[in-house]
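J.: structure, please.
(2 chains)
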Amino acid sequence: MALSDNTGERRIGAPFAAFALGSLRTLASVAVTMLGLLFVTFVIGRVMPIDPVLAIVGERASQSTYDAVYEQLGLDKPLIVQFLYYLGDVLRGDFGISTLNARPVAEDILRVFPATLELATLGVIMGVVLGVPLGVVAAVKRGSWVDQVARVVALVGYSMPIFWLGLIGLLIFYGILGWVGGPGRLDIFYVDIVPQVTGMILVDSALAGDWAVFRNAFSHLILPASLLGYYSLAYISRMTRSFMLEQLSAEYVTTARVKGMSEWDVVWRHAFRNIRVQLITVIALSYAGLLEGSVLTEIIFSWPGIGSYITTALLAADMNAVLGGTVVVGLVFILLNIFSDLLYKVFDPRAK
Amino acid sequence: MTAFSRLLSGAAIGLAVAVTGGAAFAETPANMLVIANRIDDITTLDPAQSFEFAGADVIRNVYGKLVNFDPLDLEAGYQPDLAESWEVSEDKKTITFTMRDGVTFHSGNPVTAKDAEFSLRRAVILNKTPAFILSQFGFTPENVEETIVADGNTLTIKTDKPYATSFVLNCLTATIGSIVDMKEVMAHEQDGDMGNTWLATNSAGSGAYKVQSWKPNESVTMTSNPDFYLGAPAMERVIVRHVQESASQRLLLERGDIDIARNLNPEDIAGITGVDGVKIEEELKGRLMYAALNGKHPVLSKPKVKQAFKYLVDYEGMRDSFLNGQYTIHQNFLPQTYLGSVKENPFSLDIEKAKALLEEAGVPEGFEFEVGVREAQERIEIAQSMQNQLSQVGIKMNITLGTAAQILARYRARELDMYIGAWGPDYPDPQTNAGTFAYNPDNSDEAGATGLLAWRTAWDTGGLTAKTEAAVVEGDTEKRAQMYRDIQAEFREISPFVIMFQQIEQSAQRENVTDFSTGQAITAASYWQVTK
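T.: Coordinates of the predicted model:
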């Protein structure tokens, strides 16, 4: 009796311990990855042939102004000391002050990242909702006109420069037809009306119940999001098609068909089930790519997102902003990775 | 964007608009001015620190100065603003300003001589980038208590030399001469920063507008000051939106969602010309495009080679092609509209003459060197055009591209054989450019005068340094102007600077917008006189 009791305790404790250990392991690997990312970015930022002081004071400043800023930035200290100071600040959630606009970088990121998040999320939803069925149908009806259309759609998506499609889209749907809002997140009349909660205007306006702002924000969002959605659609549909082709030629599919199972069940309940894990990776990568910010889309649509933020910062040698932005993008990748790992476990019993 | 993509997008928009007859059209409200501009250069809105174009535009509309320019009559030069009048002492070293009565800051506090004293002292003590505009008169953090002094409703400033009054007053019209609300600013002081952190994103002025919000890379919103001493502005709200892309600005303007587009490229300007309801206004700006030859280079430093380079630039070809409408040929260091500016442009592309000069210099077979250019479309195209002409006389020019900071760092370290770039004046007085192009009192490496273009190019300007020093203390304005004309005539012949172009700003506006001014070469944009 005593023995079996013990066993029972172990049975309850073991999964918990495994879970705790797993979580700790994940956390540790996240921490090490982030530390590495920070260190590499920091060092690259410091060894670049760019004078950060000059980037701040400009070419007209006197030597005394230059020297004052040099000291202020702590550049007179050894590199490793500078890094440790920086690390300490980051751990307190302080990414430093942007030299470009004299504001805390953390504050800037909280402003620009939701803009990108809103755009990328809508974009990837479109990509998935349209891309996956398109890919599946193209695989099932291989060689048919549907497959050809899917191929052309993907090819155009791959090969068209995004600025071109973006401008043409703006020209037709905003310039000529007037169906959607122009560049920017809102019309000037709607700016600063709803209180900022998440920074995503669709969400904030819905929370505030201000549907006029919601509609206006949506009209500005729909075109750039469709554009990004189209690009992820191209990628997702091609990948779905090739995964499906592989499954459809497998023996178990033939067996299922021979057994008289309906085509719908063969495709969706058997073949599709088996590509879900691969698809998660594809979608997660696609989403992560969009979350980095699509610089050209952001420029054409005057969208104040993280892509153009990091680019502007890089060009202006605003290293605090570059580092802050890199950390956020790195974090996004890591979180998506963890999230897709979790999904694997849900969808694939072997991964449990 | 590349030239190809610019052309592609311009053509596409032009074609579609032509086919469909253009867009249905909305309009901005009658009391609101909406401008599309590139404002990602704004780093701060503190007038003691701001030194960028878009920042200067905001500050000019928010702060009053002792003396200022009338946007409707820029040619008249500086005029009384918060100072009603001024007197200059006999030794020309002391100027006493009498403050205007009855002007208030946005906070309701009256504008006093104490505020003016505080503002100028603060700018010197903070010692941010533009501080040199004031410190060149001998003001230092240590001596401001004696040199900048308020007494009752007068403010007295004492300079270290008897500078031309026009020079001192022109400098006070610069952004750094803005008068801030002492009480308001000091109420927001943190760690002895004299309100620098707070003023970076807020405003405390007495001008026509106050800053409502500044969202970096997104927009600046200003609301009018109904108590502005020159009268409440017609435009109650001004919104400057950051729109990076020329084609996007054009679409917004054609749709009527903005009133003014400030950064249209030549293709879009051409495309929008003649469109119903849109007009194009042109103003000469102060920016010069130039090439500088390094005096440390054994061949580029030869006088005949320097001359030859001035004949190896296809000025007209560039102006009429990729610079179309955005630059005019100008071969002198003072921009047109400046005191003492001249219009002589003696150089044009002349391969034979250049060949002869190179032969005289002893390098008929040509040579090889490196030019540093930052990654900006028009500069790259200028470099490519020069490369093409130089190759015709056997000179091989290798182009090194980099970010502004990279290239600038090497230029300042005197490392580049040649530099192609732009220079904009810092304040509306000829000294701003004479003091950098033609002035170099110590050409040694140890001098480290990185602020002087002549030093950066390792050029001992010879007699021009003394002549520049003399011009800056000449009290007679006409004599002073003539001195600058003479300096430029000599400079054109002997300097290692190949000055090529002066910028023209083409702003596209809705037809109902009147009296908008970008400030020409001497100041920033102003909005208070605009009507619709």
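J.: centroid-nearest residue for chain A?
T.: Central residue of chain A (Cα atoms, centre = their mean): A:Leu291, 2.3 Å from the mean position.
J.: pLDDT score for that residue?
T.: pLDDT for A:Leu291: 85.
J.: what's near enough to touch it?
T.: Shown in contact with A:Leu291 (Cβ atoms under 8 Å, 6 or more residues apart in numbering or on different chains): A:Thr116, A:Leu117, A:Ala120, A:Ile306, A:Val329, A:Val332, A:Leu336. Where you see a C-beta, it was placed from the backbone N, CA and C, and this is true even at glycine.
J.: next one: it from A:Tyr230, what distance?
T.: In this view, A:Leu291 and A:Tyr230 are 17 Å apart by Cβ to Cβ, to the nearest Å.
J.: cool, and B:Phe139?
T.: For B:Phe139, the distance to A:Tyr230 - Cβ to Cβ - is 60 Å.
J.: now swap in A:Val328 and tell me
T.: A:Val328 is 25 Å from A:Tyr230, where distance means Cβ to Cβ.
J.: swap in A:Ile162?
T.: To A:Tyr230, A:Ile162 is 9 Å away according to Cβ to Cβ.
J.: so between these two, which is more surrounded?
T.: Ranked by neighbour count (other Cβ atoms under 10 Å in any protein chain shown), A:Ile162 and A:Tyr230 place A:Tyr230 first, with 22 against 18.
J.: can I get the helix or strand containing A:Arg257 in PDB, CA atoms only?
T.: Using DSSP states H and E, A:Arg257 maps to helix A:251-258. Only the C-alpha atoms of helix A:251-258 are listed here, as PDB (Å, rounded to 0.1, in the frame of the first residue of the first chain):
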ATOM      1  CA  GLU A 251      -0.100   5.300 -49.600                       C
ATOM      2  CA  TYR A 252      -2.600   6.100 -46.800                       C
ATOM      3  CA  VAL A 253      -4.400   8.500 -49.100                       C
ATOM      4  CA  THR A 254      -4.800   5.800 -51.700                       C
ATOM      5  CA  THR A 255      -5.900   3.400 -49.100                       C
ATOM      6  CA  ALA A 256      -8.500   5.900 -47.800                       C
ATOM      7  CA  ARG A 257      -9.800   6.400 -51.400                       C
ATOM      8  CA  VAL A 258      -9.900   2.700 -52.100                       C
END
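J.: so how far is it off the chain centroid?
T.: 38 Å (Cα atoms, centre = their mean, to the nearest Å).
J.: what does it contact?
T.: With Cβ under 8 Å, 6+ apart, helix A:251-258 has contacts from A:Gln247, A:Glu263, A:Asp265, A:Val266, A:His270, A:Ala271.
J.: number of nearby residues for the closest residue in space to the first one that isn't next to it in sequence?
T.: This means A:Gln247. Using Cβ to Cβ, 6 or more residues apart in numbering or on different chains and skipping residues adjacent in sequence, the residue nearest A:Gln247 is A:Ala271, 4.0 Å away. By other Cβ under 10 Å, 24 other residues sit near A:Ala271.
J.: pretty sure A:Ala271 sits against A:Met244.
T.: Yes - A:Ala271 is within contact range of A:Met244, at 6.0 Å (criterion: Cβ atoms under 8 Å).
J.: list the residues that contact the spatially most central residue of chain B.
T.: When chain B is reduced to its mean C-alpha position, the closest residue under Cα atoms, centre = their mean turns out to be B:Gly424, at 4.1 Å. B:Gly424 makes contact with B:Phe53, B:Lys285, B:Gly286, B:Arg287, B:Leu288, according to Cβ under 8 Å, 6+ apart.
J.: out of those, which is nearest to chain A?
T.: Of all the contacts of B:Gly424, B:Phe53 has the smallest distance to chain A: 12.0 Å, by Cβ to the nearest Cβ.
J.: how about that closest one, phi and psi?
T.: phi -60, psi -50 (degrees, to the nearest 10).
J.: which ones are touching the closest residue to it other than its chain neighbours?
T.: Closest residue to B:Phe53 apart from its sequence neighbours, by Cβ to Cβ, 6+ apart: B:Asp41 at 6.2 Å. Counting by Cβ under 8 Å, 6+ apart, B:Asp41 touches B:Glu52, B:Phe53, B:Ala54, B:Gly55.
J.: between all of those, which two are separated the most?
T.: Maximum pairwise distance among the contacts of B:Asp41 (Cβ to Cβ): 7.2 Å, between B:Phe53 and B:Gly55.
J.: out of the two, which sits in the more crowded spot?
T.: Set side by side, B:Phe53 and B:Gly55 show more neighbours around B:Gly55, with 23 against 20, by other Cβ under 10 Å.
J.: chain A versus that one, what's the distance?
T.: 10 Å (Cβ to the nearest Cβ, to the nearest Å).
J.: from the contacts of helix A:251-258, which would you call buried?
T.: Buried by 16 or more other Cβ atoms under 10 Å in any protein chain shown: A:Gln247, A:Val266, A:His270, A:Ala271, out of these.
J.: pick out the most distant pair among those residues.
T.: For the buried ones among the contacts of helix A:251-258, the maximum inter-member distance is 9.8 Å, found between A:Gln247 and A:Val266 (Cβ to Cβ).
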